[in-house]
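# Quick one: sequence and predicted model below, then my questions.
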Amino acid sequence: MDGGQPFSRDEGGVRLALRLTPRAGRNGLDGVMAGADGRPALHVRLAAPPVDGAANKALIAFLAEALGMRKGDISILSGETARMKLVRLAGDGDRIAARLTAWIASG
């Protein structure tokens, strides 16, 4: 991840590191935090429980709505059963990075 941001551009999109808190009171963004390894991660809260993939599905829907993307363009690369996740956002990397930057700044 570059420049203290929880995301980095790659060929065909953006990789986003995040920390998910399931069973939260409401869905929301809690800003950027340092992960256990010291790298930045976007902290996301979701009301969905971490049961049978419900939180992962809710995460994809939440990101799609917040960033104006199709759900099919969002995939979990690693951390499907963990709170720390690496998510791929497929599409124009510059456009996605700009949306992420604006979303993080507004949250």
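Yes, it's here.
# Only C-alpha atoms from now on, for both contacts and neighbour counts.
Fine.
# Count the neighbours of the closest residue to residue 73 other than its chain neighbours for me.
Nearest non-adjacent residue to residue 73, counting by C-alpha to C-alpha, 6 or more residues apart in numbering: residue 90, 5.0 Å away. When neighbours are defined as other C-alpha atoms under 10 Å, residue 90 has 19 of them.
# Which strand residues bridge residue 90?
Beta-bridge partners of residue 90, counted by DSSP bridges, are residue 13.
# Confirm that residue 81 sits in a helix.
No: according to DSSP: H, G, I helix; E, B strand; the rest coil, residue 81 belongs to no helix; its state is coil.
# Relative to residue 20, how far out is it?
11 Å (C-alpha to C-alpha, to the nearest Å).
# okay, those two: which has more neighbours?
Ranked by neighbour count (other C-alpha under 10 Å), residue 81 and residue 20 place residue 20 first, with 23 against 13.
# That one and residue 87 touch, don't they?
No: counting by C-alpha atoms under 8 Å, residue 20 does not reach residue 87; the two are 11.4 Å apart.
# Show me the helices in the protein, by range?
Counting by DSSP state H, the segments of the chain that form helices are 54-67, 93-106.
# Report the inter-axis angle for the last one versus helix 54-67.
Spelled out, it's helix 93-106. Angle of helix 93-106 versus helix 54-67, following axes from the mean of the first three to the mean of the last three C-alpha atoms, to 10 degrees, is 100 degrees.
# Go ahead and confirm residue 61 touches residue 69.
No: using C-alpha under 8 Å, residue 61 is not in contact with residue 69, being 9.3 Å away.
# Can you tell me which of the helices of the chain is nearest to residue 4?
With C-alpha to C-alpha as the criterion, residue 4 lies closest to helix 93-106 of the helices of the chain, at 11.4 Å.
# What helices and strands are in contact with that closest one?
Helices and strands touching helix 93-106, as assessed by 3 or more C-alpha pairs under 8 Å, 6 or more residues apart in numbering; DSSP states H and E, comprise strand 7-10, strand 13-21, strand 28-34, helix 54-67.
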